[in-house]
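# Sequence and computational prediction follow.
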2 protein chains.
Amino acid sequence: MTSATPLFGRVCLLGVGLIGGSLAINLREKSLAREIVGVARRQETREQIKKLGLADTVTGDAAEAVRGSDLIIFSTPVGSYAALGEAISGAFKKGAIVTDVGSVKNAVIRDLGPFVPEGVHFVPGHPIAGTEHSGPAAAFGELFEDRYCILTPPPGTDDAAVKKVQALWEACGSTVQIMDAAHHDKVLGITSHLPHLIAYTIVATAQDLEEATRQEVIRYSASGFRDFTRIAASDPIMWRDIFLNNREAVLEILQRFTEDLTALQRAIRWGEGDVLETLFTRTREIRRGVVELGQAGTFDTRERKTPEESED
Amino acid sequence: MTSATPLFGRVCLLGVGLIGGSLAINLREKSLAREIVGVARRQETREQIKKLGLADTVTGDAAEAVRGSDLIIFSTPVGSYAALGEAISGAFKKGAIVTDVGSVKNAVIRDLGPFVPEGVHFVPGHPIAGTEHSGPAAAFGELFEDRYCILTPPPGTDDAAVKKVQALWEACGSTVQIMDAAHHDKVLGITSHLPHLIAYTIVATAQDLEEATRQEVIRYSASGFRDFTRIAASDPIMWRDIFLNNREAVLEILQRFTEDLTALQRAIRWGEGDVLETLFTRTREIRRGVVELGQAGTFDTRERKTPEESED
Ligand SMILES: NC(=O)c1ccc[n+]([C@@H]2O[C@H](COP(=O)([O-])OP(=O)(O)OC[C@H]3O[C@@H](n4cnc5c(N)ncnc54)[C@H](OP(=O)(O)O)[C@@H]3O)[C@@H](O)[C@H]2O)c1
Ligand SMILES: NC(=O)c1ccc[n+]([C@@H]2O[C@H](COP(=O)([O-])OP(=O)(O)OC[C@H]3O[C@@H](n4cnc5c(N)ncnc54)[C@H](OP(=O)(O)O)[C@@H]3O)[C@@H](O)[C@H]2O)c1
């Protein structure tokens, strides 16, 4: 594609944090948009977005930003969609495409769908990529490279609109998969929501220990605990909204997990070494799948030595 | 220290895998030993140890290796200590030091203590450093750098022997902490054993899903699950032995974890957003502690691009 004919004209990013900001970098670097307008509530965030050059214009007024936009991307916590949707419902340009990056999809269609008028196309999406950091400064262009992006267009969605959103993600280096919203919520309940719930719990359990022990838990965290602390450092509002909006799927998989944990607990109590060994052996297969599919990321036991890449 | 006066004369490594092999590299690079003798059961492992140059001599006969050694380091799974201890009990040189790297400490003292004769010094240890890989090829010299190593000498242990083992770990780049074995087992139950138990469980839960869903779980693992698969890829025998030998501490912390998880489950069921948000906010504090103490390691969401550093 040449810069003379970008994929989109004016793109409105409702929320320019880790995900919205990383999209902005791609939109710019790959000349996918003629113009980018960013929205954030706080003055402080808007200044950061400007300073980082993530948008051509930045505003706190969502409706104003949506007016005249060809593509509107919701990239705020999913709990904010309904109010935002209501605020902008009168501002859509005819033929515009609305998409999002929210981590749940059924609730998003429920909350946002009613505010999308006739003649505007709604293509819900979810990039399977992220880090524990948030805000505009956490954004980076490679975030979506070699990752999957799921789109869950409701039945009857305009095919051309789906294809345009797909082209956007492909330009970011992602592979697009299309599925039903309920199925998305079930699968992500397993791969993302349950792991985060468990990581938050174990870190909370450790934090309730007396002060002296808590210091030791931090000191000796390299023995396994540290990985959970990273996951449990993710944004509290984002995760509150996810659990409130994918309740059924999360509770169902949590029930299975609890049963499996109880069985393992029993094996430990009764000293059933063979049960433990068998289970610990068969879990390796999934890891192989993850590594082979190039979805493992890279963990280095050593500390990051280059100061410019430091965390937070 | 000069290479003319190494810290130890002959060092016997009972087991030369990830931990034993990484020690061997340090012993060699830092001229801490005059001679290294490695022990492994399998011919295949012994050949790998030789090929990698991790020992001067390699044998399958533990007693022969111990004979004449000044320092003996158990670095096999802890379930093998009792039998190994019995096999070598007659072979110790007077004044020798016996240490280990096992992940539990009470059971090690129980199993190995009775086989350590008068005049031989027993200094149990545990380096808080590791990866999910095992075997001699997984060893690397920097493994212990900037990490802690816990020593749990029983009351009355010769002070000079403790100091020599401490000097060994400090030479490897670690900070040594001395504590009671029972306390070690309690703290590591939280920082290491519970996290591994949970990671194994969640991966097993995912593996029990129908084939199609399992493939999707692998595909979308970058959303959180992948970190658990890495932890759950650790050696099954090593972990079986840990759970069998730290039963009480693991069951106790597991009970607390389960209570906390149940409370969170209830908050999700009843849509208590404030409970979730408060909990997700306070867990960030521990992460900050881990990062500030330089124990976070380095996670990069991208795939490792250099082929020479590939996994397994
Ligand atoms: N983080 C991940 O790993 C990840 C991965 C995949 C999908 N997602 C999804 O992506 C979405 C955004 O996550 P993120 O990590 O990018 O969040 P983030 O870094 O915290 O950024 C959120 C952005 O939205 C703005 N914002 C928040 N509430 C708003 C509101 N009511 N109206 C207008 N702007 C608002 C924020 O600025 P102000 O606070 O100043 O308004 C900020 O610019 C969420 O729906 C999440 O589920 C996240
Ligand atoms: N991995 C970690 O992250 C970590 C961290 C801290 C402490 N530890 C502790 O370190 C110890 C070793 O773990 P590792 O990860 O280094 O294991 P590893 O990589 O699997 O190496 C074990 C070594 O011991 C040998 N071995 C096993 N059983 C033996 C036996 N009965 N007699 C003689 N040699 C035997 C193995 O060779 P053969 O199979 O050929 O005999 C191999 O050379 C364990 O006690 C573990 O709890 C591990």
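That came through, no problem. Numbers count the residues shown, from 1 in each chain, chains lettered A, B, ... in the order given. Ligands and ions are numbered 1, 2, ... in the order given.
# Report pLDDT for whichever residue of the stretch 1-150 of chain A sits closest to ligand 2.
Using C-beta to the nearest ligand atom, A:Glu132 is the residue of the stretch 1-150 of chain A that sits closest to ligand 2, at 23.0 Å. From N, CA and C alone the C-beta is placed, and that goes for glycine too. pLDDT recorded at A:Glu132 is 95.
# Same check on A:Arg302?
87.
# residue contacts, it?
B:Glu142, B:Glu145, B:Asp146, B:Gly297, B:Thr298 (C-beta atoms under 8 Å, 6 or more residues apart in numbering or on different chains).
# My guess is the fourth one contacts A:Gly224. True?
No - under the contact definition of C-beta atoms under 8 Å, B:Gly297 does not touch A:Gly224, with a separation of 11.0 Å.
# between those two, who's got more neighbours?
A:Gly224 (25 against 19; other C-beta atoms under 10 Å in any protein chain shown).
# isn't the more buried one right up against B:Leu188?
No - if you go by C-beta under 8 Å, A:Gly224 and B:Leu188 don't touch, sitting 9.1 Å apart.
# circling back to that earlier point, out of the contacts of A:Arg302, the closest to ligand 1 would be?
B:Thr298 (17.8 Å).
# So that closest one versus B:Ile19, what's the distance?
21 Å (C-beta to C-beta, to the nearest Å).
# Look at the two and report which has more neighbours.
B:Ile19 (29 against 15).
# quick check: mean pLDDT across the host helix or strand of the more buried one?
If you go by DSSP states H and E, B:Ile19 is part of helix B:18-29. The average pLDDT within helix B:18-29 is 98.
# Tell me the buried residues in that helix?
Buried residues in helix B:18-29, defined by neighbour count with 16 or more other C-beta atoms under 10 Å in any protein chain shown: B:Leu18, B:Ile19, B:Gly20, B:Gly21, B:Ser22, B:Leu23, B:Ala24, B:Ile25, B:Asn26, B:Leu27, B:Arg28.
# Grab the nearest non-local neighbour of A:Asn245.
In this structure, A:Asn245 finds its nearest non-sequential neighbour in A:Ala107, 3.7 Å apart by C-beta to C-beta, 6 or more residues apart in numbering or on different chains.
# Now do the contacts for the one you found.
A:Val78, A:Asn245, A:Asn246.
# Is it in a helix, a strand, or coil?
At A:Ala107 the chain is in helix, as set by DSSP: H, G, I helix; E, B strand; the rest coil.
# Could you measure from it over to A:Val187?
15 Å.
# How about A:Glu35?
35 Å.
# Neighbour count: these two, which is higher?
Using other C-beta under 10 Å, the more surrounded residue of A:Glu35 and A:Val187 is A:Val187, with 23 against 17.
# who touches whichever strand or helix holds the more buried one?
Per DSSP H and E: A:Val187 is located in helix A:181-188. Contacts with helix A:181-188, where a contact means C-beta under 8 Å, 6+ apart, come from A:103-106, A:108-109, A:124, A:126, A:150, A:152, A:154, A:246, A:249, A:253, B:213, B:216-217, B:220, B:223.
# cool, and stretch A:236-245?
With C-beta under 8 Å, 6+ apart, stretch A:236-245 has contacts from A:77-80, A:103-104, A:106-108, A:134, A:193, A:196-197, A:200, A:250, B:268, B:271, B:273, B:276-277, B:280-281, B:284.
# Check whether the helix holding A:Val187 comes near ligand 1.
No - figure legend: helix A:181-188 not in contact with ligand 1 (C-beta under 6 Å from any ligand atom); closest approach 9.4 Å.
# and that helix, how far from the chain's centre?
14 Å (C-alpha atoms, centre = their mean, to the nearest Å).
# how about the nearest residue to whatever residue of chain A ends up closest to ligand 2, chain neighbours excluded?
In chain A, no residue comes nearer to ligand 2 than A:Ser223, which is 7.0 Å away by C-beta to the nearest ligand atom. Leaving out its chain neighbours, the residue that sits closest to A:Ser223 by C-beta to C-beta, 6+ apart is B:Ser192, at 3.5 Å.
# Tell me the spacing between that neighbour and B:Phe243.
Distance from B:Ser192 to B:Phe243, by C-beta to C-beta: 11 Å.
# Find the residues that touch each one of those two.
Counting by C-beta under 8 Å, 6+ apart, nothing touches both B:Ser192 and B:Phe243.
# re earlier: kindly reformat the contacts of A:Arg302 as JSON lines containing pLDDT.
Output for the contacts of A:Arg302, formatted as JSON lines (pLDDT from 0 to 100):
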{"residue": "B:Glu142", "pLDDT": "97"}
{"residue": "B:Glu145", "pLDDT": "97"}
{"residue": "B:Asp146", "pLDDT": "96"}
{"residue": "B:Gly297", "pLDDT": "91"}
{"residue": "B:Thr298", "pLDDT": "90"}
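# Out of those residues, which are close to chain A?
B:Glu142, B:Glu145, B:Asp146, B:Gly297, B:Thr298 (C-beta under 8 Å from any C-beta of the partner chain).
# so which of those would you say is closest to chain A?
B:Thr298 (4.2 Å; C-beta to the nearest C-beta).
# how does chain A divide up, domain by domain?
A:8-179, A:184-295 (automatic domain parsing).
# picking up where we left off before, for PyMOL, write a command that selects the buried ones of the contacts of stretch A:236-245.
Command for PyMOL that selects the buried part of the contacts of stretch A:236-245, burial taken from 16+ other C-beta under 10 Å:
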select buried, (chain A and resi 77+78+79+80+103+104+106+107+108+134+193+196+197+200+250) or (chain B and resi 268+273+276+277+280+284)
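# Return the subset of the contacts of stretch A:236-245 lying in strands.
Among those, no member is found in strands (DSSP state E).
# could you pick out which of the contacts of stretch A:236-245 are near ligand 2?
Answer for the contacts of stretch A:236-245 near ligand 2: none qualify (C-beta under 6 Å from any ligand atom).
# Stretch A:70-87 spans what distance, first to last residue?
This stretch, stretch A:70-87, spans 17 Å end to end (C-alpha to C-alpha, to the nearest Å).
# hmm, the longest helix seen in chain A touching ligand 1?
In chain A, ranked by residue count with DSSP state H as the criterion, the top helix is helix A:247-269. No - against ligand 1, helix A:247-269 shows no contacts by C-beta under 6 Å from any ligand atom, the least distance being 13.9 Å.
# follow-up on the earlier one: the residue nearest to A:Ser223 reaches A:Arg226, doesn't it?
No - under the criterion of C-beta under 8 Å, B:Ser192 makes no contact with A:Arg226, lying 10.1 Å away.
# Any idea how many residues pack against whatever residue of the stretch 1-150 of chain A ends up closest to chain B?
Relative to chain B, the nearest point of the stretch 1-150 of chain A is A:Ile128 (4.8 Å; C-beta to the nearest C-beta). A total of 24 residues lie near A:Ile128 under the criterion other C-beta under 10 Å.
# Could you find the closest non-adjacent residue to A:Lys164?
A:Ile97 (6.2 Å).
# contacting residues for A:Thr76?
Here A:Thr76 is in contact with A:Leu14, A:Gly15, A:Gly17, A:Gly20, A:Leu84 (C-beta under 8 Å, 6+ apart).
# For the second one, give me phi and psi.
Summarising the backbone geometry of A:Gly15 under the convention degrees, to the nearest 10, its torsions are phi 100, psi 120.
# just the first one next, same as before
Listed backbone geometry of A:Leu14 is phi -90, psi 100, with angles given as degrees, to the nearest 10.
# which residues are contacting stretch A:261-278?
A:279, B:79, B:197-198, B:200-201, B:204, B:236-237, B:239-240, B:243-244, B:247, B:250-251, B:254, B:258.
# before we move on, back to that, how is the residue of the stretch 1-150 of chain A closest to ligand 2 classified with respect to secondary structure?
A:Glu132 - assigned by three-state DSSP - is coil.
# Cross-check the contact I'm expecting between it and A:Ala233.
Yes - contact criterion C-beta under 8 Å: A:Glu132 and A:Ala233 qualify, at 4.5 Å.
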